[in-house]
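Undergrad: Sequence below, structure please.
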Amino acid sequence: MGRLHWFANGTRAKLMIAAVAILLVVGAVTAGSLLRGAPAAQPTSFPPWYPMTNAAGDPVFADFENHLPCAIDQPAVADCQRVKYGIVLYRDAETGEPTTYLTSTVRVGVGNDRETHQGSWRITTGTGLDPQARVYELDTNAPAHLRHYWPIGEDILFILDENRMPRVGDAAYGYALNSIPIGLRNVTPPR
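TA: Residues are numbered from 1 along each chain as shown. Got it, this is the predicted structure:
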């Protein structure tokens with residue numbers, strides 16, 4: 001009787017192993033056919049939010065962007081999680097003189113509406129920290145709290161406050177804008 005019980009248990013184990021192996025093979029074949037049959041999801045690509053030339057045909061000189069604290073708006077907008085802000089500067093192609101600017105503000109958590117401002121800009125001098133520092137100054141078409149910027153090298157632009165001091169951020173976001181390659185296309189991963 002002991003041998004018969006062992007034989008039955010051994011056969012049962014072999015049958016279970018065979019069934020699992022068959023299920024694995026069928027599953028692999030099914031998954032392979034599904035993957036081959038479905039087209040691969042493609043990422044979505046978006047062009048830059050600004051034109052590569054202004055109305056006069058002047059080319060983009062610089063694109064600076066970053067996420068800012070919602071406190072950039074006084075008072076802060078309800079439900080705001082962060083502010084996606086960008087500024088694009090245009091220059092005369094022949095003289096290199098400043099011509100126009102375009103700003104973009106999107107308040108994340110509030111909606112997808114893009115607020116833009118455009119006008120002219122010039123280069124002045126003097127921050128609260130350095131009287132000789134170069135400052136990019138926007139005209140009165142820009143909101144008063146977003147008119148003065150301090151370029152640090154080619155890659156960073158500090159937003160200055162009403163005293164021309166660099167604004168202080170919070171634990172999550174600051175007020176330094178980073179240089180973005182001109183004409184960069186934004187790509188979202190496939191879903």
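
Undergrad: And the strands in this structure?
TA: 44-46, 60-68, 82-91, 98-108, 114-125, 134-138, 148-152, 156-159, 176-179, 186-188 (DSSP state E).

Undergrad: wouldn't Asn54 be in contact with Pro98 here?
TA: No - here Asn54 lies out of contact with Pro98, judged by CB atoms under 8 Å, at a distance of 11.2 Å. Quick note: C-beta positions are derived from backbone N, CA and C, even for glycine.

Undergrad: list the residues that contact both of the two?
TA: Tyr90 (CB atoms under 8 Å, 6 or more residues apart in numbering).

Undergrad: Just give the nearest non-adjacent residue to Cys80, would you?
TA: Using CB to CB, 6 or more residues apart in numbering and skipping residues adjacent in sequence, the residue nearest Cys80 is Cys70, 3.7 Å away.

Undergrad: right, and the strands of the chain - which one's nearest Arg167?
TA: strand 156-159 (5.2 Å; CB to CB).

Undergrad: And the contacts of stretch 155-162?
TA: Contacts for stretch 155-162 (CB under 8 Å, 6+ apart): 62, 64, 68, 72, 87, 127-128, 135-136, 144-146, 148-152, 166-167, 175-179.

Undergrad: Would you mind stating the distance between Glu162 and Asp130?
TA: Look at Glu162 and Asp130: by CB to CB, to the nearest Å, they are 17 Å apart.

Undergrad: Fine, thanks again, bye for now.
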